[in-house]
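> all I have is the shape, not the residue letters:
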């Protein structure tokens with residue numbers, strides 16, 4: 001294989017996975033961006049952002065050789081999921097219904113970044129810690145004035161992607177007017193590896209199973225709520241905010257996990273629906289640089305890792321005489337990702353719209369639909385397979 005020069009801009013999970021995959025495929029690859037601190041995790045202290053990795057994402061990380069590098073004690077399998085509507089709707093999904101070991105695995109962002117960094121160092125991937133400045137006629141300029149001449153520039157540089165802007169790749173954006181509020185909680189009762197979700201009308205609450213701590217059982221909260229409500233919570237004194245959250249969580253969950261108490265700092269981020277054309281001559285986007293969806297299905301990182309896997313496949317299978325930056329090659333990548341991204345975009349946005357509606361007839365119908373699906377094993381199996389990335 002020709003040792004083509006590929007530059008990956010962005011050093012988060014998507015960028016590290018892209019660089020690692022390319023290096024393992026025999027491409028000459030470099031990373032561009034800062035190195036995050038990925039020191040060993042401290043017992044009972046967990047990264048604020050966690051991901052629900054699908055079966056397909058787990059297999060991709062196994063193929064990259066990094067899954068077994070993670071501390072197994074900090075990974076939690078999701079064996080089942082309970083979803084509650086804003087009426088009497090209820091949906092229960094179990095891994096055994098699709099003959100699967102688990103529905104997903106809850107993994108910390110910091111732990112995944114740590115093992116990916118370790119792997120790219122072992123493979124000797126070149127890492128340029130400068131910042132992307134601009135892209136002109138196939139040349140990348142860094143903030144120090146260095147000029148780089150890659151055959152392909154991969155933008156893995158997040159939702160505000162400078163690479164996307166520099167390459168003039170079309171990008172659409174819709175703000176939901178909501179924020180995702182995340183915090184880890186101590187739980188009175190064991191979660192039993194069950195992920196829980198409540199649609200309340202103007203918000204969506206998810207509790208994800210986490211490893212137990214010395215304080216007892218633990219879950220991670222992701223609560224999508226109106227921006228004004230999230231900002232109000234953020235500006236409250238810690239004690240007052242934590243007491244308010246404990247009270248509101250009890251009201252929504254009905255003490256499904258007993259009393260819940262805040263155990264970590266609280267963070268919030270705006271929720272958006274975004275998409276792009278994904279490619280331009282000599283440029284390909286992956287992860288949040290290419291698209292963002294509502295987090296209610298927990299599929300953002302899974303979509304990004306699927307981007308990486310598909311880009312690796314297309315570049316590995318391309319004709320020898322074509323450059324990695326050839327638009328005929330990159331168009332294959334764009335076509336292959338169009339359908340799964342559109343499907344997830346429609347599903348998450350559609351669910352958000354459905355449960356945000358205050359029309360009584362729609363509220364009745366959505367809860368009726370949940371009850372109906374709960375009694376259809378074949379449809380539940382289909383839903384589980386879709387979430388698993390199969």
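Happy to help now that I have it. Since the structure is predicted, the reported quantities are computational estimates derived from the model, not experimental observations. Residues are numbered from 1 along each chain as shown.
> residues of the longest strand anywhere in the chain that come out buried?
The longest strand of the chain (DSSP state E) is strand 171-187. Residues of strand 171-187 classed as buried by neighbour count (16 or more other C-beta atoms under 10 Å): 171, 176, 178, 179, 180, 181, 182, 183, 184, 185, 186, 187. (Glycine included, C-beta is placed from N, CA and C.)
> do the same with stretch 242-255
Residues of stretch 242-255 classed as buried by neighbour count (16+ other C-beta under 10 Å): 242, 245, 248, 249, 253.
> quick one: mean pLDDT over that stretch.
In this model, stretch 242-255 has an average pLDDT of 96.
> next one: it to chain centre, how far?
26 Å (C-alpha atoms, centre = their mean, to the nearest Å).
> do the same with stretch 22-40
Here the centre of stretch 22-40 is set off from its chain's centre by 19 Å, with C-alpha atoms, centre = their mean.
> save the buried residues of stretch 242-255 as a markdown table, and put in distance to residue 33 and secondary structure too.
Shown next, in a markdown table, are the buried residues of stretch 242-255 (distance: C-beta to C-beta, whole Å; DSSP: H, G, I helix; E, B strand; the rest coil):
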| residue | distance to residue 33 | secondary structure |
| --- | --- | --- |
| 242 | 35 | helix |
| 245 | 35 | helix |
| 248 | 38 | helix |
| 249 | 37 | helix |
| 253 | 40 | helix |
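> contacting residues for the nearest residue to residue 140 once chain neighbours are set aside?
Distances taken as C-beta to C-beta, 6 or more residues apart in numbering put residue 148 closest to residue 140, at 4.3 Å, once the chain neighbours are dropped. Contacts of residue 148 were listed using C-beta atoms under 8 Å, 6 or more residues apart in numbering, and they are 7, 30, 32, 128, 139, 140, 141, 142.
> can you tell me the SS state at the first one?
Yep, that's residue 7 we're talking about. Here residue 7 is recorded as strand under DSSP: H, G, I helix; E, B strand; the rest coil.
> dig out what it forms beta bridges with.
residue 30, residue 153 (DSSP bridges).
> quick one, what contacts it?
Neighbours of residue 7 in contact, by C-beta under 8 Å, 6+ apart: 29, 30, 32, 140, 148, 150, 152, 153, 154.
> if we go to 7 Å?
Taking C-beta atoms under 7 Å, 6 or more residues apart in numbering as the criterion, residue 7 is in contact with 30, 32, 140, 148, 150, 153.
> buried ones in the longest helix seen in the chain?
Secondary structure of the chain per DSSP state H: the longest helix is helix 327-356. Neighbour-count burial for helix 327-356, counted by 16+ other C-beta under 10 Å, picks out 329-330, 332-334, 336-337, 340-341, 344-345, 347-349, 351-352, 355.
> show me where the stretch 101-250 of the chain has helices.
109-122, 162-166, 227-235, 238-253 (DSSP state H, counting those that start in this stretch).
> who's in contact with the nearest residue to residue 90 once chain neighbours are set aside?
In this structure, residue 90 finds its nearest non-sequential neighbour in residue 84, 5.6 Å apart by C-beta to C-beta, 6+ apart. Counting by C-beta under 7 Å, 6+ apart, residue 84 makes contact with 90, 197, 198, 199.
> thinking again about what came up before, which one of the contacts of residue 7 is nearest residue 120?
Distance to residue 120, by C-beta to C-beta, is smallest for residue 30 among these, at 10.3 Å.
> the closest one contacts residue 124, correct?
No. Using C-beta atoms under 7 Å, residue 30 is not in contact with residue 124, being 11.0 Å away.
> so for the two, which sits in the more crowded spot?
Higher neighbour count among residue 30 and residue 124: residue 30, with 19 against 8, using other C-beta atoms under 10 Å.
> for that one, what are its contacts?
Going by C-beta under 7 Å, 6+ apart, residue 30 touches 7, 126, 128.
> switch to 8 Å and redo it
5, 6, 7, 8, 19, 125, 126, 127, 128, 148, 150.
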